[in-house]
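Undergrad: Just to be clear, the model below is a prediction. Sequence and coordinates:
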Amino acid sequence: MPTYDFPQDLRDAQLTLHQTRAAYEQYAATLPWSAEPMPGWEADKQLHSTYRSGKPDSPGYSAEQAAEVARYQAELLRLSIAVSTHPFWSTLEDGVVGARMALKHVHEAADEAA
């Protein structure tokens with residue numbers, strides 16, 4: 001597997017993207033299932049099963065929750081653009097996909113070396 005000499009700003013942006021995505025997913029798990037107020041529902045019982053899927057009523061997001069989701073989404077978009085349009089990618093002739101995949105895991109190798 002080839003190794004790449006990723007610039008530190010690109011490594012930092014990728015790590016921040018990982019961390020922001022994880023924080024957003026953790027925050028989103030605490031939110032109601034629907035952004036807008038929606039009635040709950042329960043599906044019909046399926047053949048050969050006693051399980052019934054369903055959701056309780058959703059109050060929707062509060063103004064603060066909606067603002068926080070929008071903030072996370074804007075930051076994720078900004079970081080994604082910074083990583084994907086970094087000038088480093090234009091220095092590669094072949095293997096850009098492999099290099100992008102390696103960048104996603106470069107922080108793991110740094111953690112293991114420490």
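TA: On my side now, so go ahead. Numbers count the residues shown, from 1 in each chain.
Undergrad: Low-confidence ranges, the protein, go.
TA: 1, 109-114 (pLDDT under 70).
Undergrad: middle-most residue in it, spatially?
TA: The C-alpha lying nearest the average C-alpha coordinate of the chain belongs to Arg21 (C-alpha atoms, centre = their mean; 3.6 Å).
Undergrad: could you say which helix or strand contains that one?
TA: Arg21 belongs to helix 8-28 when assigned by DSSP states H and E.
Undergrad: Helices of the protein, residue ranges please.
TA: For the chain, helices defined by DSSP state H occupy the ranges 8-28, 63-84, 96-113.
Undergrad: Go through those helices and name the closest to Ser90.
TA: Ranking these by proximity to Ser90 (C-beta to C-beta) places helix 96-113 first, at 9.3 Å. C-beta here means a position set from N, CA and C on the backbone, and glycine is covered the same way.
Undergrad: which outside residues touch the closest one?
TA: 1-4, 6, 10-11, 14-15, 18, 83, 89, 92 (C-beta atoms under 8 Å, 6 or more residues apart in numbering).
Undergrad: hmm, try it at 7 Å
TA: Pro2, Tyr4, Phe6, Leu10, Arg11, Gln14, Leu15, Trp89, Leu92 (C-beta atoms under 7 Å, 6 or more residues apart in numbering).
Undergrad: related to what we said a few turns ago, apart from its chain neighbours, what residue comes closest to the residue nearest to the centre of the chain?
TA: The shortest distance from Arg21 to any residue other than its chain neighbours is 6.3 Å, reached at Leu76 (C-beta to C-beta, 6 or more residues apart in numbering).
Undergrad: how many other residues sit next to Pro37?
TA: Number of residues near Pro37 (other C-beta atoms under 10 Å) recorded here: 11.
Undergrad: Check Arg78 too.
TA: Neighbourhood size, Arg78 [other C-beta under 10 Å]: 14.
Undergrad: can you check Asp9 too?
TA: By other C-beta under 10 Å, the residues close to Asp9 number 12.
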